[in-house]
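Student: Sequence plus predicted model, see below.
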Amino acid sequence: MSEGWNIDPWGVHTRIKDNVDGVLVETYHDVEPILEANVDDYNSGRDGYTPSRALKKIAEIPLGVWQLWMDRYGVDALNPNHREAVRRLLNSNEWRKLRTAPGRL
């Protein structure tokens with residue numbers, strides 16, 4: 001990335017520019033490494049459960065995708081009231097690379 005970007009601990013790049021119309025905030029998040037790790041987990045043959053089988057990891061949603069869902073669909077993956085919408089998105093083929101374990105939600 002070019003100069004002037006602030007990078008947070010989650011890998012989100014942010015740059016603020018002053019222009020004639022006000023302030024422009026640009027963000028960029030390279031989600032490819034997360035998606036590749038998700039595909040590896042999905043194809044690993046493991047079922048996503050912890051050793052105690054108390055928890056199951058089914059997906060990892062990068063912050064850039066979380067923001068995209070908020071902007072495009074009005075879906076907040078962190079809001080319990082949006083659980084059904086998140087379930088539909090994660091079950092769709094379009095967002096399959098977010099899944100870390102097979103099966104439907």
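Tutor: Now that the structure is in, tell me what you want to look at. Numbers count the residues shown, from 1 in each chain.
Student: my read: residue 10 touches residue 63, true?
Tutor: Yes - if you go by Cβ atoms under 8 Å, residue 10 and residue 63 touch, sitting 5.4 Å apart. C-beta coordinates here come from the backbone N, C-alpha and C atoms, glycine included.
Student: Mutual contacts of the two, please.
Tutor: residue 29 (Cβ atoms under 8 Å, 6 or more residues apart in numbering).
Student: Give me the more crowded residue out of these two.
Tutor: Neighbour count, other Cβ atoms under 10 Å: between residue 10 and residue 63, residue 63 has more, with 15 against 10.
Student: What about residue 42, how many residues nearby?
Tutor: When neighbours are defined as other Cβ under 10 Å, residue 42 has 19 of them.
Student: Contact partners for it?
Tutor: Here residue 42 is in contact with 99, 100, 101, 102 (criterion: Cβ under 8 Å, 6+ apart).
Student: Quick one: residues contacting the third one.
Tutor: Shown here is residue 101, whose contacts under the criterion Cβ under 8 Å, 6+ apart are 41, 42, 46, 47, 48, 56, 57, 58.
Student: element containing it, please.
Tutor: Using DSSP states H and E, residue 101 sits within no helix or strand.
Student: any idea how far it is from residue 64?
Tutor: 22 Å (Cβ to Cβ, to the nearest Å).
Student: from the contacts of residue 101, which ones fall inside helices?
Tutor: Among the contacts of residue 101, the residues falling in helices (DSSP state H) are 41, 42.
Student: can you put the contacts of residue 101 in a markdown table and add distance to residue 77?
Tutor: Formatted as a markdown table, the contacts of residue 101 follow (distance: Cβ to Cβ, whole Å):
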| residue | distance to residue 77 |
| --- | --- |
| 41 | 18 |
| 42 | 18 |
| 46 | 23 |
| 47 | 22 |
| 48 | 17 |
| 56 | 17 |
| 57 | 14 |
| 58 | 12 |
